[in-house]
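Novice: sequence and predicted structure below; questions after.
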Amino acid sequence: MNKLLLSSLFLIGGTSVFATGPDTTPSEISPDSPYTVLEKENASLLSKLLKSNNNDALNIRLHTKASFSGAQTDGIWNDPGFRLDQLRIELRGSFDNGIFYRFQQRLTNYPEPYSSYIDNLPMKIDYAGIGYRFNSKWKVFAGKMCTAYGGFEFDDNPINVYQYNTVTENMPAFLTGIDFAYNPVEKHEIRFQVLESRNGSHEQLYGKVDPSVKFSKADYVYTVNWNGKLGANDIISTRWSGSYINQAKDKNFYLACLGTALNTGKFGAFLDLIYSKEGIDRSQIISRIVADDTEGTTQMNTSYTSAILGLNYRFADKWNLFAKGMYDTANKDKTSGNVAKGKYSETFSYSGGIEYYPFKNESLHINLAYIGRSHNFTSIAKQFGSKNYNENKIELSLIYALNIW
């Protein structure tokens, strides 16, 4: 009885401590408390969907690529098998008040290289952010996003890319920051990004570096893009960009990409020209070539080039032929220690095949593709033990960007 009386007094006293007026929220209670009153100022997404005729408020898409393939390296075939190469879920939408959002995450097994991330997001999350359209010309997006390095290969949905060039495939692509977009005239867009230049620490990104290197505390990546359409029926498109990072004292990263595409209806082509100059070897290609003789120290003053030509021909309503060729080089711009200045490698990549689209207005397609790559090392690189080798792959794939909602 005494316990019951004490409990009653405690409850009465407790109620007076947290008492609020009829129009106030008990802010003294922890936000995680089960007693916190939920504010009704912001309508839920579901209520907005039910009250609105806006079909763009919520879109759910599953990006999938399943394949049966066999690969060969220097004449030795691996065991052919079935794979789910890509599985990404994407949520995106926009509202009448100008707010829009995007979230995208990889669902396939993805090895996380770091134990912690400076943006507090694992690398399997590609997009996580919210944006606002000020008017028909200006918009902004903040959060995690794809770095706008430019070019048509890099800008394409990953499920449609059979093989990337060696330059962009070795750089972090999804970073956190802010993106501004301006449409000066119709069909032309200027984008400017300021993003964290890395997902983890300097040590995690670059590995072992010369002790004299003084890393910058604000080593953001800045990108400027021109995405446009030109000519009658938008026959020419552009994805031109420039990127910059102040990596460390007297060490900067520059990347330029000129992507130009031609589309005549049945026939399409694109040409991407890429050049990167890296004060600290961000791409790590040269550093890997000389790793054994430099105790794994990341190299300074490297540069890389890439030229990519893609072709496709829709010879029938449901059938498409495609081909792509790439030429990449890796160079050391200044001699350091026993690592001499010069070209270290040339890489030739080639792919081609046929695609079948069974349904009109659907992205679902089946393809049969051959993908090859020839790695050729110069005499300088061979001093570090590098040997030429070839890679070949035959792949039968089912590719579908499935609209769930």
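Specialist: Done, it's in.
Novice: could you measure Asp119 against Tyr127, distance?
Specialist: 12 Å (Cβ to Cβ, to the nearest Å). In short, each C-beta sits where N, CA and C put it, glycine included.
Novice: Ile99 too?
Specialist: 16 Å.
Novice: compare those two (neighbour count), which wins?
Specialist: More crowded of Ile99 and Tyr127, by other Cβ atoms under 10 Å: Tyr127, with 19 against 13.
Novice: only alpha carbons, please: show whatever helix or strand that one lives in as PDB.
Specialist: In this assignment (DSSP states H and E), Tyr127 forms part of strand 125-133. The C-alpha trace of strand 125-133 is given here as PDB (Å, rounded to 0.1, in the frame of the first residue of the first chain):
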ATOM      1  CA  ILE A 125      25.400   4.400 -50.500                       C
ATOM      2  CA  ASP A 126      25.700   6.300 -53.800                       C
ATOM      3  CA  TYR A 127      23.200   9.100 -53.300                       C
ATOM      4  CA  ALA A 128      21.600  10.500 -50.100                       C
ATOM      5  CA  GLY A 129      20.500  14.100 -50.300                       C
ATOM      6  CA  ILE A 130      17.900  16.700 -50.800                       C
ATOM      7  CA  GLY A 131      17.600  19.600 -53.200                       C
ATOM      8  CA  TYR A 132      15.500  22.700 -54.000                       C
ATOM      9  CA  ARG A 133      14.500  24.300 -57.300                       C
END
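Novice: what packs against it?
Specialist: strand 81-94, strand 99-106, strand 138-146, strand 174-182 (3 or more Cβ pairs under 8 Å, 6 or more residues apart in numbering; DSSP states H and E).
Novice: direction included, what does it pair against?
Specialist: strand 99-106 (antiparallel), strand 138-146 (antiparallel) (DSSP bridges).
Novice: the first one to strand 81-94, inter-axis angle?
Specialist: Taking axes from the mean of the first three to the mean of the last three Cα atoms, to 10 degrees, strand 99-106 and strand 81-94 form an angle of 170 degrees between their directions.
Novice: quick one: residues in contact with strand 99-106.
Specialist: Contacts with strand 99-106, where a contact means Cβ atoms under 8 Å, 6 or more residues apart in numbering, come from 86-94, 124-133, 141, 143, 145.
Novice: now the longest one
Specialist: With contact meaning Cβ under 8 Å, 6+ apart, strand 138-146 is reached by 100, 102, 119, 121, 125-134, 173-183, 193, 195.
Novice: quick one: buried ones out of those residues?
Specialist: With neighbours counted by 16 or more other Cβ atoms under 10 Å, the contacts of strand 138-146 contain buried members at 100, 102, 119, 121, 125-129, 131, 133, 174-177, 179, 181, 193, 195.
Novice: which is the next helix or strand following the longest strand belonging to the chain?
Specialist: Counting by DSSP state E, the longest strand found in the chain is strand 300-316. Heading C-terminal from strand 300-316, the first helix or strand you meet, by DSSP H and E, is strand 319-332.
Novice: CA atoms of stretch 332-346 as PDB?
Specialist: Presented in PDB, the C-alpha positions along stretch 332-346 are these (Å, rounded to 0.1, in the frame of the first residue of the first chain):
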ATOM      1  CA  LYS A 332      55.400   9.700 -64.500                       C
ATOM      2  CA  ASP A 333      56.000  13.500 -65.000                       C
ATOM      3  CA  LYS A 334      59.000  13.900 -62.800                       C
ATOM      4  CA  THR A 335      61.800  11.500 -61.800                       C
ATOM      5  CA  SER A 336      61.800  10.700 -58.100                       C
ATOM      6  CA  GLY A 337      64.400   8.300 -56.600                       C
ATOM      7  CA  ASN A 338      64.600   5.200 -58.800                       C
ATOM      8  CA  VAL A 339      61.300   5.900 -60.500                       C
ATOM      9  CA  ALA A 340      62.100   7.600 -63.800                       C
ATOM     10  CA  LYS A 341      60.100  10.100 -65.700                       C
ATOM     11  CA  GLY A 342      58.300   8.700 -68.700                       C
ATOM     12  CA  LYS A 343      55.400   6.600 -70.000                       C
ATOM     13  CA  TYR A 344      54.800   3.300 -68.000                       C
ATOM     14  CA  SER A 345      51.800   1.700 -69.700                       C
ATOM     15  CA  GLU A 346      49.400   1.700 -72.600                       C
END
